Every structure is written in C-alpha cells, then in structure tokens.
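S.K.: Dropping a prediction and its sequence here:
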Amino acid sequence: MSAVTFFGRIIIFLCMSSLAFANNIFFFGQHVFYPDSYRPITAKQFDGIRIWGNPKTLWRDIEPRQGVYDFSTLDQHVALAEERGMDIMYTLGQTPVWASARPSELGSFGLGAAAEPLDMNDWYEYVSKVAQRYRGRISAYEVMNEPRIGEAIKMYSPGFFSGSTQQLVRMTELAARAIHAADSRALIVCPAMDGSDLGIKRLEYFLAQGGGKDCDVIGFHFYLKTGSVNEFTSLLSQIRQLLVRYNLQNKPVWNTEMGVLVGSSGNQVRSGAAGSALEKVYSDDEASSLMLKVQVASSNGGVARTYWFAHDSSSMGSTLPNKKIGQLNGLGIAYQNAKEWFSHGRKIRGCSLSDSQANCAVYEGNELVGRVLWGIPLEPANWLAANPGLVKVHLFNGLTLNIRTSNASSLGALTRNFADPVFITSN
C-alpha cells in the first residue's frame, strides 16, 4: 500500500469519527477454553467471554444425533461466566455429520463440520434451541468463525466453513430470525473474517452479497501480520469504508478475536508460517505492549469490543503453562492492570497515535483522569507545567512511579527507548 493510499484512508477514518465512534469505551473480552480455568478468575476480571472452539460446545457436540441434545458443557461455561458478572457471546456452527451437506469433507473440527447443512431447517432448529435455552443469558451470537469465502479467496482447506457465500448469507438470515424470535434483545454478530488484508476481501464479498443486512454487529479478527498499530488502523479504516459503501455505517464493529504467540504461555511455543500473523513468538513485554496499544487504538477508533485469544491457551494465553492454577504471565498481568486503568466507563478523547508515538487523553464522564503515552519522553518539569494534576506513572507490569520524585532520565527512558505504553494519572 502506498503512503498516499494509507494516509488517504486514515483521513476518511478520522472524518467519520464524529458519527460512528461515540461509544469509544474500553471493553476487555477473553476466551476461556476449559471450565476448570474459571476457578481462579475473579468477578468481572474480564468484561465478557466469547465461547468459541471450546470442547463439547459446538453444534456437532450439542446435537450429536438429530433432535438429541447435550448442553451440559455449554451450561457450565454460561453459568461460570454469569457467576463472575461477565457478558457472554457464543459462536454458532460446526455442522454434525448427520446434518452435513458433505459428511466426508475434513474440516478443522472433523468430518462434515465445515460444510453447510444439507437441510437449512436443521440449522434453524439448532439455533432456535440454543437461543431459547439461553434467553437473557447469552447476549450476542456470532454466526460463524472465520468462513473461507472461497469466491473471493481461493480456499487452501475447508477450515471452519467451506460453503458458498450465498449459503452463509442464508444461514445468517435464518440465525437472526431464530434468535430474535426467542430473544429480541440478543445481538447478531456477522461471521467474523480473518486474514488481515485477505479478511478485508472476504468481508467485502460477504457484504456485497447482502450478508450484513441481518447483523446487528460487524465482527472481524484483527490478527496483525506486522504487529503494528498502523496496520490495525489501516484495517479498521478499510472496514469503515466498506460499511459506508454498503450503507451499514451505523453498525458497531467488534474485534471478536485477536492474539499473538506468547512464549511464556506454554512449554514449547513455536512460530507459525512465515509471513503470517503468528510468525513471531512474543516475549511477555512485547505482547503486553502490543495489547495495550491495540486496546487504545480500538477505543480511539470506536471498536466497541475486543476479545483476546485465549486466556488458557498453551501458545497464545495470558496464564503460565499450569493453566488450572491460573497464574498470570506478563501479558495476563498487563491485561488485568489495563482493565483496572480503563474501567468505570472511561473513554479516549483527542488521541494522536502511531506505532512510534501516542498521546491520548482518558476521560471519565467530562473529567480528565489520565493520559496514555508511548514514545514521548517524560521531562518532569515540562510535564508538570503542562499537566500539574497528573503525577503517577503506571507501568503495565503493575509498578507505579511518581513524576515529582523519580529520576528524570529513568522516566524519559520508559517511553523514549522502549516505546511501551504508560498510563499517567493523578493518583
């Protein structure tokens, strides 16, 4: 992408902010795979949980034979999240063999799982059963995880959905009808595309086929090949342009999944394919820094929710290898601290940010309560003259420094040399 094209997209992105980005609060969502992992999780440690890919919670697990249902594990996840005051989103899909249009096709979750149902009535009945059972408890339903959209991007495997885009549009329409009939307040999240620039092409094709009309929310997976704020901002700008093109600009955008490989989350974490978003294995500090920057960029850009993947994963998690005790690694500590910093409905205003520098005001109501910085040296005298009430520097590892009493060169190094985010408040 040329510099002219990139900055042109940023201008469009910023010009739309007054209309689309009014609710720029912070939302810290998570994925938790196993019921045992909830035990050490405290009340409201996360704002919400996305249930996706959890063992025994897919359609093929819930309805292993037509009309025979087993909700036991999904019941557990819903109850455990509810007990902790967390909002719940559930991702639909993964067709049972008995219902599959291609029962011998090997998808990511087994034979027949990626295919559309042979009879769409089976899909409608499954979605209806789920929505009726969890009425008022599951607040949002994502129609599908990372469909291939083979008409736009050549499929290299069936993945999670290998049907046609028109079939996916139909499944979205039926899911919306079934869910709203059972629970009028539940939200329908469009099938979330992945693949960075390829994800944009997938989303464009889906929306061009009328796929967005039955959704309340546009989902996307912001996996970043370059691990940069500039890439995130560019992707979000492209999504906003697509929504304008298809007259969907009033629909909120959710980042329903993102993450990086974190070396400390497992015993043998290995890098993924070259050129992919999972090529690099991140240190705790690197993962923490990127997570914080993306959360700030998300809030600034009006992305209403972000769900990190995944708390108890052994390669992308925010816990150490023994997941059952829930001991946090550096990323987990940073995530917990950031959620505390940006709680109470706090919002970003007047934010100038890039990969190298950021200076963002954080407000609670109409009161300035802090600033998030990175890449800007903290010179105590100059800072205190311009910001007399903001004196406490919070680091993502939980440490706090006082601008009045700390060494000036040490404060400057925090942002100038390492470009890690800091949160500066009055207390």
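M.R.: Arrived safely. Numbering: from 1, shown residues only.

S.K.: What separates the first and last residues of stretch 206-217, distance-wise?
M.R.: 14 Å (Cα to Cα, to the nearest Å).

S.K.: Oh, that last question was meant for stretch 131-146, not what I typed.
M.R.: End-to-end span of stretch 131-146 (Cα to Cα): 21 Å.

S.K.: Return the set of buried residues in it.
M.R.: Residues of stretch 131-146 classed as buried by neighbour count (16 or more other Cβ atoms under 10 Å): 131, 133, 134, 138, 140, 141, 142, 143, 144, 145, 146. Bear in mind the C-beta positions are built from the backbone N, C-alpha and C, glycine included.

S.K.: Now distance to residue 72, pLDDT and secondary structure too, for these, in a markdown table please.
M.R.: Below are the buried residues of stretch 131-146 laid out as a markdown table (distance: Cβ to Cβ, whole Å; pLDDT from 0 to 100; DSSP: H, G, I helix; E, B strand; the rest coil):
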| residue | distance to residue 72 | pLDDT | secondary structure |
| --- | --- | --- | --- |
| 131 | 18 | 98 | helix |
| 133 | 12 | 98 | helix |
| 134 | 14 | 98 | coil |
| 138 | 16 | 98 | coil |
| 140 | 22 | 98 | strand |
| 141 | 20 | 98 | strand |
| 142 | 22 | 98 | strand |
| 143 | 24 | 98 | coil |
| 144 | 24 | 98 | coil |
| 145 | 22 | 98 | strand |
| 146 | 26 | 98 | coil |
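
S.K.: Nearest to residue 368, out of those residues: which one, please.
M.R.: Proximity of the buried residues of stretch 131-146 to residue 368 (Cβ to Cβ) peaks at residue 140, which lies at 32.0 Å.

S.K.: Beta-bridge partners for the closest one, please?
M.R.: residue 89, residue 187 (DSSP bridges).

S.K.: Please give me every residue in contact with residue 115.
M.R.: Listed by Cβ atoms under 8 Å, 6 or more residues apart in numbering, the contact set of residue 115 reads 95, 100, 101, 102, 103, 105, 107, 158, 162, 163.

S.K.: Mark which of the residues you listed are buried, thanks.
M.R.: Among the contacts of residue 115, the ones that count as buried by 16+ other Cβ under 10 Å are 95, 100, 101, 102, 105, 107, 158, 162, 163.

S.K.: shaky segments in the stretch 301-427 of the chain?
M.R.: For the stretch 301-427 of the chain, the stretches with pLDDT under 70 are 412-418.

S.K.: circling back: can you redo the contacts of residue 115 as CSV with secondary structure?
M.R.: Converted to CSV, the contacts of residue 115 look like this (DSSP: H, G, I helix; E, B strand; the rest coil):
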residue, secondary structure
95, coil
100, strand
101, coil
102, coil
103, coil
105, coil
107, strand
158, coil
162, coil
163, coil
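
S.K.: Take the residues you listed and write them to TSV, including distance to residue 215 and pLDDT.
M.R.: Listed next are the contacts of residue 115 as TSV, based on distance: Cβ to Cβ, whole Å; pLDDT from 0 to 100:
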residue	distance to residue 215	pLDDT
95	21	98
100	24	98
101	23	98
102	26	98
103	29	98
105	27	98
107	23	97
158	23	96
162	21	97
163	18	98
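
S.K.: which of these sit farthest apart?
M.R.: For those, the maximum inter-member distance is 13.5 Å, found between 103 and 163 (Cβ to Cβ).

S.K.: Tell me which stretches of the stretch 301-427 of the chain form helices.
M.R.: In the stretch 301-427 of the chain, the helices defined using DSSP state H, counting those that start in this stretch lie at 330-341, 380-386, 408-416.
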